[in-house]
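**Q** Provided below for reference: sequence and predicted model.
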Amino acid sequence: MKNYHTHTYRCHHAIGFEKDYIEQAIDQGFTTLGFSDHAPWHYDSSFKPFMRMDETDIDDYIFTLRELRETYKDRIDIKIGFEAEYFEEKMDWMKEVINRYHIDYLILGNHYDGSDEDGRYYGMPPQDLSSVTRYCDQVIKGMETGLFSYVAHPDVIYYNQHDQRQLAQLERLCHKAKELDIPLEFNMLGYLHHRHYPSTPYLKMVREIGNKMIVGCDAHEASAIDGKKMKTVIDRLKQEGFLLTDEIFFLQ
Ligand SMILES: [Zn+2]
Ligand SMILES: [Zn+2]
C-alpha cells in the first residue's frame, strides 16, 4: 500500500515527527510513504501562517526527510512533497522552491480563496455559487500547470449539495481532471471523522465520469496511517466500480 498524503508537526495542526509516521507506515505494511505537509508560501507582509509551515522551516523539513529516506531505504520508499494551493501570484515562487529542493511531487489542496493571509477558508459554510465557482476555477488552473500529481479532497469546498448550479461547477472540475488524467482523492480523514467530504454527490460524479481515484490518509497524526482501514476502503470502492490507482507522477 502507498500513501502520499502525510503531514508533520510543522503545519501547527498536526502532531508527530516524520520518524513516527515512517515507523507506523512500516508497521502497517506500507511500501511507500509520501510526505505532503502543508506547503509554505512567501508573504510580502509580516503575516505568520497558522496552518502551514513557515517559509524558514523548508530547509529542516527537506533535510530531515532526506536523511530519513536514506536511513529507511531498505524498508520503505519515502517521497518528499507538499500539499499546496494554487495561489496564482505565488506560483513562480513555488516553482523556484520545487527546483531548488528537488521536490518529488505536489498534491493540490485548495483551502483558501486567494491566500490564507486575506482569503476565506473554503471548508466552512456558507459558500455561494461564486465562491464555489472560484474554488473550481483555481483547482482547474492548478491542474493545468502540470505541477500537481493529484487533487486532495476536491470537495473540501462546503458546497450546497442540493444546488444544481454548484454541482455543475464540481462536475466541471471532475471532467477537467479526467481530461488531464489527474487522480482525485478519497480522503480518509474526512471519511473517518465524518466531515462534509468525501460527499455523496462528489463520489457519484467521480464514478460516472470515470475519474481515477486515489485513497489518501491525510494523516495529521501517525496513527492515521492505518493499513487495515485503508484496505477496507479500497476494497469497497473497487467493488462499487471506482477506478482506483496508487500511481502518481513525480516532478523529478
Ligand atoms: Zn491539515
Ligand atoms: Zn492534507
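**A** Received, thanks. Numbers count the residues shown, from 1 in each chain. Ligands and ions are numbered 1, 2, ... in the order given.

**Q** May I have the phi/psi pair for the nearest residue to Arg52 once chain neighbours are set aside?
**A** Among residues not flanking Arg52 along the chain, His38 sits closest, at 3.7 Å (CB to CB, 6 or more residues apart in numbering). Backbone N, C-alpha and C define where each C-beta goes, glycine included. Here is the backbone geometry of His38 (degrees, to the nearest 10): phi -60, psi 120.

**Q** Show the contacting residues for the most centrally placed residue in the chain.
**A** Nearest to the geometric centre of the chain sits Ala152, at 3.4 Å (CA atoms, centre = their mean). Going by CB atoms under 8 Å, 6 or more residues apart in numbering, Ala152 touches His5, Ser36, Glu83, Ile107, Leu108, Gly109, Glu185, Asn187, Gly216, Asp218.

**Q** Using the three-state scheme, assign the fourth one.
**A** Going back to what we said before, that points to Ile107. At Ile107 the chain is in strand, as set by DSSP: H, G, I helix; E, B strand; the rest coil.

**Q** Measure how buried it is and give me the count.
**A** Number of residues near Ile107 (other CB atoms under 10 Å) recorded here: 25.

**Q** gap between it and His196?
**A** According to CB to CB, to the nearest Å, Ile107 stands 20 Å off from His196.

**Q** got it, and the last one?
**A** For Asp218, the distance to His196 under the criterion CB to CB works out to 14 Å.

**Q** Between those two, which has more neighbouring residues?
**A** Asp218 (25 against 17).

**Q** The closest residue to Phe87 other than its chain neighbours: what's it in contact with?
**A** The shortest distance from Phe87 to any non-neighbouring residue, by CB to CB, 6+ apart, is to Ser115 (5.4 Å). Ser115 sits next to Trp41, Tyr43, Phe87, Glu89, Lys90 when contact means CB under 8 Å, 6+ apart.

**Q** repeat for Ile107
**A** Ile107 touches 4-5, 36, 81-84, 148-152, 185, 216, counting by CB under 8 Å, 6+ apart.

**Q** Could you list which of these also contact ligand 2?
**A** Glu83 (CB under 5 Å from the ion).

**Q** Tell me how many other residues crowd the nearest residue to Met1 once chain neighbours are set aside.
**A** Nearest in space to Met1, with sequence neighbours left out and distances taken as CB to CB, 6+ apart, is Phe30 at 5.0 Å. Residues near Phe30, counting by other CB under 10 Å, number 21.
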